[in-house]
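Student: structure for the following, please:
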Amino acid sequence: MNLFADIKTLVLDSLQTLQAAGSLPSDLDFSNVTVEPPRDAMHGDMATNAAMVLAKQARMKPRDIAQALAELLVADARITAVDVAGPGFLNLRLDPAQWLAILPEVLRAGTDFGRSPMGSGKSVNVEFVSANPTGPLHVGHTRGAVFGDALASLLDFAGYAVTREYVINDGGSQIDTLARSVYLRYLEAHGQEVSFPEGVYPGDYLIPVGKALKDKVGDKYIDQPEDVWMDDLRNFGTDAMMALIRADLALLGVKMDRFFSEKSLYGTGKIEACLQALNDKGLIYEGYTDPPKGKMPDDWKPRKQTLFKSTEFGDDQDRPVQKSDGSWTYFAPDIAYHHDKVLRGYDELINVFGADHGGYVKRLKAIVAALSGNTVPLDIKLTQLVRLFKNGQPFKMSKRAGTFVTLKDVIDLVGPDVTRFVMLTRKNDAPLDFDFDKVLDQSKDNPVFYVQYAYARISSVMRKAIEAGVDVSDAVLLDADLANLGHDAELALAKKLGEWPRMLELAAKHHEPHRIAFYLFDLASEYHSLHNLGKTSPDQRFWQADNVAASHAKIALIRSVAVVLSAGLGILGVTPMDKM
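Tutor: Alright, predicted model coming up:
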């Protein structure tokens with residue numbers, strides 16, 4: 001049940017009625033007509049911009065359209081009042097019974113309430129994390145992991161067939177560096193004194209990898225040149241790091257559906273075939289790139305390269321795919337990888353990158369547009385930096401990692417649930433301050449606590465009712481007489497529940513799972529206000545021993561809140577807490 005969608009349908013039907021009567025032109029575009037909560041709840045339950053967005057097309061005054069539309073809307077039994085505000089906005093007030101009718105819908109559907117058919121089974125690939133397999137995940141990866149996983153869950157809830165994917169960047173020079181770093185730890189495991197030159201990975205996490213290599217090969221590689229051990233240590237080190245990364249993801253509750261190896265593109269003809277496909281479309285040519293922006297490097301000179309015509313698809317410049325010496329640029333395997341995803345038949349692609357990958361957005365969008373013939377949209381979400389604080393000071397780096405705070409460091413301090421929720425309390429493209437003291441604070445200022453406390457409070461009410469011998473199962477609550485509800489705070493809570501399906505669709509449409517966290521905080525706030533009202537108004541307490549009928553109605557309301565809180569927390573990957 002999506003009451004906002006139902007009323008929007010009423011608005012559109014009413015506009016068509018006006019068209020049929022000749023009061024509106026017949027060739028109007030209704031795509032920008034919205035029905036949403038008003039900015040100020042004092043103005044009503046819903047607002048529509050219909051008159052405002054149609055006025056220019058219809059060559060009419062907005063208020064004239066609004067007045068005609070209002071007369072039709074107020075005739076509907078669900079609507080008790082329609083007010084024309086300002087230049088032509090329409091504010092609608094609904095019969096309170098319409099909001100209360102949502103409660104049995106929630107109880108029947110359970111945590112599936114609000115599931116949307118908008119995805120219609122369309123397939124979407126969400127590629128996220130994809131950290132280089134050279135060490136444990138750090139706090140920046142943590143934000144991307146939480147965002148990507150929550151987005152995937154949100155899209156699944158909205159009816160999409162979702163694939164969570166991790167690209168293993170095992171084909172670049174960083175893997176050579178990893179192999180050399182593992183070799184140093186291998187020598188150290190044999191009792192040798194080693195130094196760590198600039199450019200290798202010095203973190204302690206490679207100590208057990210060096211010991212494991214010793215256990216496997218003994219002294220086979222001692223005093224041997226690189227060409228003897230490099231290939232083996234590339235594979236050994238990559239496998240060890242991916243095992244570490246999988247373990248880190250498991251701590252966070254993230255499970256990938258697919259791991260894609262970049263190395264699988266090399267020596268298989270896939271890169272060549274992909275570029276040939278682009279060449280056949282006339283999108284590959286030999287040419288020169290523009291000089292670097294800013295200060296010109298002393299050794300820069302124009303070199304003829306193989307370029308992709310990415311400017312034809314909105315990029316700032318054409319991008320090199322093959323260097324003058326015949327080697328591939330970093331962009332070439334990216335092209336082949338995205339070609340592979342297009343060939344797999346996904347209806348939509350989403351990439352979640354760190355903020356430092358902003359320069360890749362236009363070129364990747366261009367290549368997917370070229371490869372798919374503009375049929376497969378690619379959305380790239382950038383996650384901004386996370387700033388860590390503890391005891392009022394920036395959190396120190398991890399010795400284990402060598403240069404950064406690890407995902408495991410964060411989980412060890414606050415747990416996966418707090419970590420996940422906090423990572424979604426800001427929009428992905430805004431910096432996030434993660435204060436270890438504040439996220440564990442038990443106050444309204446801590447959204448994690450505030451939402452969990454609402455669920456725990458409701459659970460406590462349910463337990464007390466059961467202990468008193470009252471049946472508060474969903475089957476019984478479905479028959480509750482909701483006429484016992486009518487206080488403004490009760491209706492406000494029911495209205496907030498009614499926003500859930502609409503908010504889910506908006507969050508899924510815009511790929512913004514942080515909206516879920518924001519909504520849950522607002523829902524919890526409405527609940528706490530009603531709960532606290534019972535402290536001074538006994539007739540507003542949820543459990544009333546002398547009035548079981550009223551108790552059932554009130555508990556049906558808060559049980560519905562618990563259901564939606566559980567569903568929302570589930571999308572975020574957070575476990576609701578029955579007790580706190």
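Student: not including adjacent chain positions, what is the nearest residue to the most centrally placed residue in the chain?
Tutor: Centre of the chain computed as the mean C-alpha position; nearest residue by CA atoms, centre = their mean is residue 151, 3.1 Å away. Distances taken as CB to CB, 6 or more residues apart in numbering place residue 513 nearest to residue 151, at 5.0 Å, with adjacent residues excluded. All C-beta spots, glycine's among them, are computed from the backbone N, C-alpha and C.
Student: so that neighbour is in contact with residue 507, correct?
Tutor: Yes: between residue 513 and residue 507 there is a contact at 6.2 Å, judged by CB atoms under 8 Å.
Student: between the two, which contacts overlap?
Tutor: Common contacts of residue 513 and residue 507, defined by CB atoms under 8 Å, 6 or more residues apart in numbering, comprise residue 154.
Student: next SSE downstream of the one helix or strand residue 238 maps to?
Tutor: Assigned by DSSP states H and E, residue 238 falls within helix 226-252. Per DSSP H and E, helix 226-252 leads on to strand 258-261 as the next helix or strand towards the C-terminus.
Student: in the sheet, who's paired with residue 261?
Tutor: Counting by DSSP bridges, residue 261 forms beta bridges with residue 168.
Student: what distance do you get for it to residue 337?
Tutor: According to CB to CB, to the nearest Å, residue 261 and residue 337 sit 10 Å apart.
Student: higher neighbour count, the two?
Tutor: residue 337 (22 against 16; other CB atoms under 10 Å).
Student: which strand or helix spans that one?
Tutor: Secondary structure from DSSP H and E places residue 337 in helix 331-343.
Student: so what does the helix holding residue 238 touch, helix or strand wise?
Tutor: Helix 226-252 sits against helix 139-157, helix 173-189, helix 207-217, helix 407-414, helix 416-423, with contacts defined as 3 or more CB pairs under 8 Å, 6 or more residues apart in numbering; DSSP states H and E.
Student: whatever helix or strand comes next after the helix holding residue 337 pairs with which strands?
Tutor: Following helix 331-343 in sequence order, the next helix or strand is strand 348-354 (DSSP H and E). Paired with strand 348-354 in the same sheet, following DSSP bridges, are strand 123-127 (parallel), strand 378-383 (parallel).
Student: any stretches of the stretch 301-450 of the chain with poor pLDDT?
Tutor: 397-403 (pLDDT under 70).
Student: next, count neighbours for residue 189.
Tutor: Neighbours around residue 189, by other CB under 10 Å: 18.
Student: before we move on, what about residue 95?
Tutor: By other CB under 10 Å, the residues close to residue 95 number 15.
Student: so what's it up against?
Tutor: 77-80.
Student: my guess is residue 427 contacts residue 514, does it?
Tutor: Yes: Residue 427 is within contact range of residue 514, at 5.2 Å (criterion: CB under 8 Å).
Student: these two: who's more crowded?
Tutor: residue 514 (19 against 16).
Student: how's the chain carved up into domains?
Tutor: Domain assignment for the chain, taken from automatic domain parsing, gives 3-94, 173-252, 443-572.
Student: what's the end-to-end length of the last one?
Tutor: Across domain 443-572, the terminal residues are separated by 21 Å (CA to CA, to the nearest Å).
Student: go on, the second one?
Tutor: For domain 173-252, the first and last residues are 29 Å from each other (CA to CA).
Student: quick one: mean pLDDT over it.
Tutor: Average pLDDT, domain 173-252: 96.
Student: same thing with stretch 147-155?
Tutor: Rounded mean pLDDT across stretch 147-155 is 98.
Student: same check on stretch 286-294?
Tutor: For stretch 286-294, the mean confidence score works out to 80.
Student: what lies in contact with that stretch?
Tutor: By CB under 8 Å, 6+ apart, stretch 286-294 touches 300, 302-307, 317-318, 320.
Student: hang on, residue 516 in a strand?
Tutor: No: Residue 516: not assigned to a strand; according to DSSP: H, G, I helix; E, B strand; the rest coil it is helix.
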